[in-house]
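Student: Pasting the sequence and the predicted coordinates here, then a few questions.
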Amino acid sequence: MMEAVIDNLKKRRKINRRKNTDSASLLAQAITETIKGLSESSRVELRIAGTSQDAVMNQDAMIDTARARTRALALEQAAATKALFAQWQAEDATDDPEELKRRDAEMLELQHAMNENRKATGERIPFPELETRA
Amino acid sequence: MSLSAVFLDEGPLSWVTQKPGETPDSDACQAWVINLMTQGVLVCVAEVTDYELRRELLRQELRREAMGQPKRGSVARLDSFIALPGRYVPVSTNAMRQAADMWAQIRNAGQPTASDKALDGDVILAAQVSIFAATQGIPLSEIIVATTNVKHIDRFVQADLWSNIRA
């Protein structure tokens, strides 16, 4: 703040060179200008702070809306997925040991194939436990 | 951690689309997704994950067909599962551009996640998750990839073993 007062004092001296303004008056003018400048920048800061706060509040409100939308969609998904799984249960459920053994073998074959595909290109494999088992 | 959405990686996706009673894992995984959704967590499938599972299911079906065996209906189950509301997240131009950016950055940082010759499904999945968060207005921190192998996918996006994820 002192630097600002000195700068303003220098400006005042230049402006008042031809006038016989005394040093005390020049200093008073410089201080007044500095304070005026400070209060202006304070107003600017307050305005920016207000805008940022509004933006944060708007963003929070938007996120809350997105969460509510997502939650409603998830509940819709839950009902539809339960119905789908029930349908699969009705169509495909079995307790035949041979059929269960066959399904297990096919699942294992699928998992090995998925691993092989990614291993070939050095990618992360989906079923690492199969590799340690082998 | 508050969760809004879970993206199924190909491992959990292969389990949730199995016939009931196929394996204890598939039954547990099906119960787990129902529990998530019931508690308001969206369960999503990225197009790249669908592609990676679908191509293997098709290969298996074609092999069965060639041997004169009946179809297992696995592709039809995958189709039904991803057709449910809010489930399928298609690949977009923005996602592919983000994936390209991630792919280049991770290689320049000397931490490649796959061979340079690989298309690198993991970066495409991570980019799809990231773009989904941005377009839906959900913080990325509220989305997680449910997987059967976390290894280095969590460099790009939040990920955990499916069985560790709770709503």
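Tutor: Good, I have the coordinates. Residues are numbered from 1 along each chain as shown, chains lettered A, B, ... in the order given.
Student: any idea how far the worst-scoring helix or strand of chain A on mean pLDDT is from the chain center?
Tutor: Of all helical and strand segments in chain A, the minimum by mean pLDDT, DSSP states H and E falls on helix A:2-15, at a mean of 72. Taking C-alpha atoms, centre = their mean, to the nearest Å, one finds helix A:2-15 lying 46 Å from the centre of the chain it belongs to.
Student: pLDDT of stretch B:8-16, averaged?
Tutor: Averaged over stretch B:8-16, pLDDT sits at 96.
Student: Give me the pLDDT for residue 40.
Tutor: Using chain A. 55.
Student: my question was about chain B
Tutor: Confidence score, pLDDT, at B:Gly40: 97.
Student: What of B:Ala31?
Tutor: 96.
Student: other SSEs contacting the helix or strand containing it?
Tutor: B:Ala31 is part of helix B:24-38, with elements assigned from DSSP states H and E. If you count contacts as 3 or more C-beta pairs under 8 Å, 6 or more residues apart in numbering or on different chains; DSSP states H and E, helix B:24-38 packs onto helix A:23-92, helix B:10-16, strand B:42-46. In this view, the C-beta of every residue, glycine as well, is placed from N, C-alpha and C.
Student: show me what contacts the closest residue to B:Ser92 other than its chain neighbours?
Tutor: Leaving aside its chain neighbours, B:Ser92 sits nearest to B:Ile131 (6.2 Å; criterion: C-beta to C-beta, 6 or more residues apart in numbering or on different chains). Each residue near B:Ile131 by C-beta atoms under 8 Å, 6 or more residues apart in numbering or on different chains is listed here: B:Ser92, B:Asn94, B:Ala95, B:Gln98.
Student: Burial check on the last one, number of neighbours?
Tutor: A total of 21 residues lie near B:Gln98 under the criterion other C-beta atoms under 10 Å in any protein chain shown.
Student: ok so, going back, surely the residue nearest to B:Ser92 is in a strand?
Tutor: No: going by DSSP: H, G, I helix; E, B strand; the rest coil, the assignment for B:Ile131 is helix, not a strand.
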